[in-house]
Every structure is written in structure tokens, then in C-alpha cells.
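Asker: From the sequence below, what's the structure:
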Amino acid sequence: MDLDKYTRMPPHDCLRCGHRLDAVSTIEDKFSAPSPGDVTVCINCGLPMIFDDKFKLRRPTQAELDELEFNADYHDTVRAIADLRRQD
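Answerer: Predicted coordinates for the structure are as follows:
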């Protein structure tokens, strides 16, 4: 996860912990800005959230959570965030 490559976004508060989110990064080698339906994870608490068609964050549906269960990129992101939190 390269935190030097990020896109600023309108500030949102995490839907679980209230942490102010104002940028997104990617775990992929090639960076791209998020699109509707993409998943982001709170850097503070690890809550997965989904970008809607107005670039706002919402909680994932149960079906989306079920899909994330088998998504290696999601689990890599959660592990990377946990590693970052341990360094603080």
C-alpha cells in the first residue's frame, strides 16, 4: 500500500469511528481514483465502506460483505492498516 499516491476527496467521517477521511489510496501498483461501487477502508478502524454514485460513502450491503470475505485485496488492505496502526 503506497500512501504517497493518493487522491483527495471531500471530507467524510467514518461511519463507525467518526475519523475524518479526506483522501484515498490504493493497494494496486497502478493508481486510479475511486469509482462508484469501489471499496475503501477506514485507516483508523478498518471499516469497509462503498463509494456511491455521488462519491459519498455508505456501509456495504450483506452481499457486498460476503464478496469481501473472498477478496484478497481487501484482506491485504486490512492487514496493511493494522500494521500501520501498530507502528503508531
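Asker: which of the residues in the longest strand along the chain are buried?
Answerer: In the chain, taking DSSP state E as the definition, the longest strand is strand 6-13. By neighbour count with 16 or more other C-beta atoms under 10 Å, strand 6-13 contains the buried residues 9, 12. (C-beta placed from N, C-alpha, C; glycine too.)
Asker: which helices and strands does that strand pack with?
Answerer: Applying 3 or more C-beta pairs under 8 Å, 6 or more residues apart in numbering; DSSP states H and E, one finds that strand 6-13 makes contact with strand 20-25.
Asker: What mean pLDDT does the strand it packs on get?
Answerer: In this model, strand 20-25 has an average pLDDT of 88.
Asker: From here on, call the first residue 591.
Answerer: Sounds good: first residue 591 from here, last item strand 610-615.
Asker: Next secondary structure element downstream of it?
Answerer: Note on strand 610-615: by DSSP states H and E, the next helix or strand toward the C-terminus is strand 629-631.
Asker: helices and strands around that next one, which ones?
Answerer: Going by 3+ C-beta pairs under 8 Å, 6+ apart, strand 629-631 lies up against strand 638-641, helix 662-677.
Asker: Looking at these, which one is packed in the most?
Answerer: strand 638-641 (a mean of 20; mean count of other C-beta atoms under 10 Å).
Asker: Now do the next helix or strand after it: everything it contacts.
Answerer: For strand 638-641, the following helix or strand on the C-terminal side (DSSP H and E) is strand 647-648. Strand 647-648 is contacted by residues 602, 605, 611, 630, 639-642 when judged by C-beta atoms under 8 Å, 6 or more residues apart in numbering.
Asker: Give the next helix or strand downstream of strand 647-648.
Answerer: With DSSP H and E, the next secondary element past strand 647-648 is helix 652-658.
Asker: helices and strands around that following helix, which ones?
Answerer: Right, helix 652-658 is packed against strand 638-641 by 3+ C-beta pairs under 8 Å, 6+ apart.
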